[in-house]
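# model the structure of this input:
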Amino acid sequence: DVRVPIWTAGINLIRDYPILGTGRDCFESICTTYLPEEYYLRPYAATRTDHLHNHFLFFTATMGIPAFCIWIILMLYPVNLSLFSYRKEKSIVQKLLLFAFLVMLCHGMLDLIIVAWPTNFLFLVILGIFWSRTWPQPKNFDSLPKTPSLPSPELHLEHFIRAIGMIILVTTIFLLTVGF
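Below is the predicted model:
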């Protein structure tokens, strides 16, 4: 299998570029130097390696360990909540979405499914559905509390976390789709 030398190269890239990663634009040229010569002699070896065939390794190698930790929290927090409430969930659609997301996540550990169109879009839409269920908005706006003249610190924190999440999400989508 050609994935083992690619994954080894990815681990070595993470070891050498732990904080900021290689960057998406430089990844392919830097990764080539980490692949052993035997890799290119295999029958299914690609002449170009623009992905590690493991999205966790790829994200960490290109963005760095701190960005990976933030990304994993933003991705797995709502999925974790859905897993814990799985037995109580009455909607078959929500159960199927959770199943589809987990299958895509597992498949992303072996292939390009999370960065390739159209599955990357589907992956993010399902993740967005989980995030909308994490912090549901009230349907009746009359029941909302009156807006105070000075927002509470919790409101600032919520907006800050959402803004950081959106910045990371948009940056990730942009960086992963550039060059594809």
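# output the lowest mean pLDDT helix or strand found in the protein.
Here the helix or strand of the chain ranked lowest by mean pLDDT, DSSP states H and E is helix 153-177, holding a mean of 72.
# what packs against that helix?
Using 3 or more Cβ pairs under 8 Å, 6 or more residues apart in numbering; DSSP states H and E, the elements in contact with helix 153-177 are helix 55-63, helix 65-84, helix 119-134. (Glycine included, C-beta is placed from N, CA and C.)
# what helices and strands are in contact with the second one?
Where contact means 3+ Cβ pairs under 8 Å, 6+ apart, helix 65-84 is packed against helix 55-63, helix 92-107, helix 119-134, helix 153-177.
# ok, residue 119 - contacts?
Neighbouring residues of residue 119 by Cβ atoms under 8 Å, 6 or more residues apart in numbering: 104, 113.
# and it, how far from residue 112?
Taking Cβ to Cβ, to the nearest Å as the measure, residue 119 falls 9 Å from residue 112.
# same check on residue 99?
Going from residue 99 to residue 112 by Cβ to Cβ gives 21 Å.
# now swap in residue 120 and tell me
9 Å.
# check residue 100 too.
Taken as Cβ to Cβ, the span from residue 100 to residue 112 is 17 Å.
# and the two? Which one has more around it.
The neighbour count for residue 100 versus residue 112, taken as other Cβ atoms under 10 Å, is higher for residue 112 (18 against 13).
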